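> Build the 3D model from these lines:
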Amino acid sequence: MKKHFLFLLSPAFIFFFFGILLHAQSDYKIVQDFKAKYQEIRQSIEDADSIEQLSEMQVQIEDFRNESFANKGLLDKSLYPEDFNSSIENLRNALTLRKGDFTQITVLKTQVSELRLQVDELNAKNTELINRVQLLDDQSKKDREKIAQLETSIAQLKASLRERDNLVMTMLDSLMPASYRVKEELTAAEKQKVYSEAQKANIISNVQKAINDNIRFLEITTLKPDDIEEIRRQERDFAKIWKNVGPKIIEIYSEKNQNVNYLKEIDLAFNRWNAAITQEAWNSVDEEFKTRGINLAKFSNGNEFAKSISDYVDDELKNKEVKGEEESENSYKTLADTIWFGNVKQTWVPFLVENNMLSDSQKDSIEVKLAEWKDEVSPGGFNWIYIIIAVLIIILLYLLTRKRSSEKNRSGTQ
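The predicted model follows:
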């Protein structure tokens, strides 16, 4: 036992023991240095902000491989579940993917620049068309010849707005391509690229202008259900794209100490656009009455619409004696026969009901009110029917009585 103890204290054993320890420490350092260099290169690939930097990274990866190859056996055992070759391959794949990002960014810059020019041209054109439509709308009320010009200008403006909206939506898509949207977090370089291109494209102001121009268009025009439905679809498509990419763009802006209220402002602008579409439908319905001299109280929902017609009918009934029978009946025919049954019920009611703006019960209440009005302004129509029926019954009874009397007389004679 003493001999074993003395052996452990011998210089040879101590030298051997420390040799093993130093070798183990050396192996550990080799592995840790490899891991540290690997992470350094991986991070540099993600942080690269130019294709030139990535080309330099490619040289670094190959140098790293060559320098570390002598320790391949050690690294294969120490890098589980990876090994030496798979680690190097991971770096190469990361480099290839990052190069793809820069290729995409180059395409993005070209697309956004081209789109920005087109959007700028359409913005100027739309501003001119909006001013022209407003002027022609005012003139057409005095000059019937301006109506054809107005209709042409409205059609041009509607088409131009749609084209500009589609370009802005495409621009949003280009700024935040699908590969960016699926990432939980963009790299600093990716964020910088998105921010720079968004700034160059004036993306925030273009989105705001697109919404405001559409609202202005609704304010200065009278449209048909098909037109309004088309604009409603456009608003929904635009809002959907903004919802998908807008928050990320605004997040990048906020990190650059830009206005953090942009997201809220644009969301509110979409709400105003949606409300303006609904109000335009009601305004266009109201215009159907106004153009024929029927001025209803202002309405912006189904309840108000039904009440405004009911109130108008009540007012007409109160003034029936003053207006005279003929004028009262003409008023009824204009509102009921010409406007409601002749136009609004066929053209607008299906649209209003389908978009949950008018309920069936509200529609029915309007028609009940119109029926009451008809009873009041043309009661003679119903009385004559009753009189004719009564006369026919009297004649029939008379003929039957006479026939029976005749038969009795014959019986008595016989």
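
> All the helices of the stretch 151-300 of the chain, in order from the start?
With DSSP state H, counting those that start in this stretch applied, the stretch 151-300 of the chain shows helices at 178-181, 188-200, 203-220, 225-255, 262-290, listed in chain order.

> Where in this structure is the helix or strand with the lowest mean pLDDT?
Of all the helices and strands that make up the chain, the one with the lowest confidence by mean pLDDT, DSSP states H and E is helix 2-8; it has a mean of 46.

> so which of the helices of the stretch 151-300 of the chain is the most packed in?
Each of the helices of the stretch 151-300 of the chain was assessed for mean neighbour count using mean count of other C-beta atoms under 10 Å. The highest is helix 203-220, with a mean of 20. (C-beta placed from N, C-alpha, C; glycine too.)

> what's the spacing between I339 and E321?
The span separating I339 from E321 equals 24 Å under the rule C-beta to C-beta, to the nearest Å.

> Those two: which has the busier surroundings?
Using other C-beta atoms under 10 Å, the more surrounded residue of I339 and E321 is I339, with 20 against 9.

> I figured the more buried one was touching E287, is that so?
No - between I339 and E287 there is no contact under C-beta atoms under 8 Å: 10.8 Å.

> Where do the domain boundaries of the chain fall?
2-80, 95-174+200-287, 292-377, 384-414 (automatic domain parsing).

> For K183, find the nearest of the ones you listed.
Set against K183 and scored by C-beta to C-beta, those come closest in domain 95-174+200-287, at 9.4 Å.

> Report the rounded mean pLDDT for that closest one.
Mean per-residue pLDDT for domain 95-174+200-287: 82.

> which residues of the stretch 301-414 of the chain score low on pLDDT?
Low-confidence regions of the stretch 301-414 of the chain, defined by pLDDT under 70, span residues 379-392, 396, 398, 400, 402-414.

> if you set the cut-off to 50 instead, what comes out?
Along the stretch 301-414 of the chain, segments meeting pLDDT under 50 span 381-384, 386.

> could you pull out the helices for it?
Counting by DSSP H, counting those that start in this stretch, one finds helices in the stretch 301-414 of the chain at the ranges 302-318, 320-323, 325-332, 345-347, 349-354, 360-377, 379-413.

> Give me the contact list for stretch 48-67.
Stretch 48-67 is contacted from outside by 37-38, 41, 44-45, 88, 91-92, 95, 98-99, 102, 189, 192-193, using C-beta atoms under 8 Å, 6 or more residues apart in numbering.

> Narrow those residues to those in helices?
When the contacts of stretch 48-67 are checked against helices using DSSP state H, the ones located there are 37-38, 41, 44-45, 88, 91-92, 95, 98-99, 102, 189, 192-193.

> Which among those residues count as buried?
Neighbour-count burial (16 or more other C-beta atoms under 10 Å) applied to those gives Y38, I41, S44, I45, I88, L91, L95, R98, K99, F102, A189, K193.

> which residue sits closest to the third one, ignoring its sequence neighbours?
Same thing as S44. With C-beta to C-beta, 6 or more residues apart in numbering as the criterion, S44 has its nearest non-adjacent residue at 5.9 Å, and that residue is M57.

> Okay, buried residues for the helix or strand harbouring that neighbour please.
Using DSSP states H and E, M57 maps to helix 51-68. Taking 16+ other C-beta under 10 Å as the basis for neighbour counts, the residues of helix 51-68 that come out buried are L54, M57, Q60, I61, F64, R65, S68.

> what angle separates it from helix 188-200?
Interaxial angle, helix 51-68 versus helix 188-200 (axes from the mean of the first three to the mean of the last three C-alpha atoms, to 10 degrees): 180 degrees.

> quick one: average confidence on the following helix or strand past helix 51-68?
Scanning the chain past helix 51-68 towards its C-terminal end, the next helix or strand to appear is helix 72-78 (assignment: DSSP H and E). Within the predicted structure, the mean pLDDT of helix 72-78 is 76.
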